[in-house]
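K.L.:
Pasting the sequence and the predicted model now:
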Amino acid sequence: MSTGRTAPAAAGPADAARADAAETEAAAPAAQDTRARLIDVAERLFAEFGIESVSLRAVGIEAGQRNNSAAQYHFGSKEGLISAIITARSRRVDARRAELVDALRDSPEPPSFVALVNLLVMPLVDTITASSGRTWYLRFLANVMEHPMVDSPWRPDQASASGTVSAALPDPPDPPGLRYMRKELRRLLPGLPNAEFERRNRWLVMTTFQVLADYERQRANAPAGRGPALGQVISDLKEMLVALLRAPYPAD
């Protein structure tokens, strides 16, 4: 006797494929959320405790992951995680630096030492001032620069003292804004030997990271309104960097 109802059709291969695709699409946002959470937590831990002291397992636990191997799964290695942090944070920095470069190119006058130092400093300052709460990125960068297992991705020649190239990180970032800065600095320092020019550029970056990291730390720990004056920090830092670039060579 017919009930008037039609039995559901058996699921075929096409239905199974659609179901798998739907499940994958649903999981994708969750995976991105997990990656973002791991990046945020790792940045803070690396900033507070240093690169060597923090394991991938510790990052997963602090991020609240039930699978303690989550950071290993998403980034492959500590170096991969470091690279992911830099990639995530540098987008805004590079965009701001590109705006400053465009302004310099539109100017009828060639850029000065101060204007070029500004390209390095101000986009990094913005990573601190963009948030009313605590930030960690400058302290993270300072620790990355110092750690022996990481050949700095900002090192101009990428080569170590022994002449070998570190494979600790993927291809180092070389954004157009920093390439422009280096090109114009070379124009202002035509008589400086290449090795000395590279050393000063490396110290330029290292000094910037360390000073701004110290400001970031003091800003986070000082009572409200009691931290160092940012305007004075920026002014002092720029004066230091210009003096470094313009130091006599050879030394008197």
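P.N.:
Yes, it's here.
K.L.:
CA atoms for contacts and neighbours, from now on please.
P.N.:
Will do.
K.L.:
in the strand or helix carrying residue 88, what's buried?
P.N.:
Secondary structure from DSSP states H and E places residue 88 in helix 78-106. For helix 78-106, a neighbour-count test (16 or more other Cα atoms under 10 Å) marks 78-86, 90, 93-94, 96-98, 100-101, 104 as buried.
K.L.:
looking at it, residue 147 is touching residue 47, isn't it?
P.N.:
No: with contact defined as Cα atoms under 8 Å, residue 147 and residue 47 do not form a contacting pair (11.9 Å).
K.L.:
Which of these two has more residues huddled nearby?
P.N.:
More crowded of residue 147 and residue 47, by other Cα atoms under 10 Å: residue 47, with 23 against 13.
K.L.:
Wait, the more buried one touches residue 140, no?
P.N.:
Yes: contact criterion Cα under 8 Å: residue 47 and residue 140 qualify, at 4.1 Å.
K.L.:
low-scoring stretches of the stretch 1-150 of the chain, by residue?
P.N.:
By pLDDT under 70, the weakly predicted segments of the stretch 1-150 of the chain are 1-29, 148-150.
K.L.:
Which parts of it are strands?
P.N.:
Remark: no strands are assigned in the stretch 1-150 of the chain by DSSP state E, counting those that start in this stretch.
K.L.:
ok, so what distance separates the residue nearest the centre of the chain from residue 132?
P.N.:
In the chain, the C-alpha nearest the mean C-alpha coordinate belongs to residue 86, at 2.8 Å (Cα atoms, centre = their mean). Distance, residue 86 to residue 132, by Cα to Cα, to the nearest Å: 21 Å.
K.L.:
How about residue 141?
P.N.:
Residue 141 is 20 Å from residue 132, by Cα to Cα.
K.L.:
For these two, work out which one has more neighbours and name it.
P.N.:
Set side by side, residue 141 and residue 132 show more neighbours around residue 141, with 22 against 7, by other Cα under 10 Å.
K.L.:
Burial check on the closest residue to the more buried one other than its chain neighbours, number of neighbours?
P.N.:
Among residues not flanking residue 141 along the chain, residue 209 sits closest, at 6.5 Å (Cα to Cα, 6 or more residues apart in numbering). By other Cα under 10 Å, 24 other residues sit near residue 209.
K.L.:
host element of residue 209?
P.N.:
helix 194-221.
K.L.:
Can you tell me which helices and strands that helix packs against?
P.N.:
helix 113-129, helix 137-146, helix 230-246 (3 or more Cα pairs under 8 Å, 6 or more residues apart in numbering; DSSP states H and E).
K.L.:
List the buried residues for that helix?
P.N.:
Those buried within helix 194-221 under the rule 16+ other Cα under 10 Å are 197-198, 200-213, 215-217, 219.
K.L.:
And stretch 115-133, by the same measure?
P.N.:
So, applying 16+ other Cα under 10 Å, buried residues of stretch 115-133: 115-125, 127-128.
K.L.:
quick check, nearest of those to residue 248?
P.N.:
residue 117 (18.1 Å; Cα to Cα).
K.L.:
For the closest one, which non-adjacent residue is closest in space?
P.N.:
residue 238 (6.5 Å).
K.L.:
gap between that neighbour and residue 119?
P.N.:
Distance of residue 238 to residue 119, computed by Cα to Cα: 11 Å.
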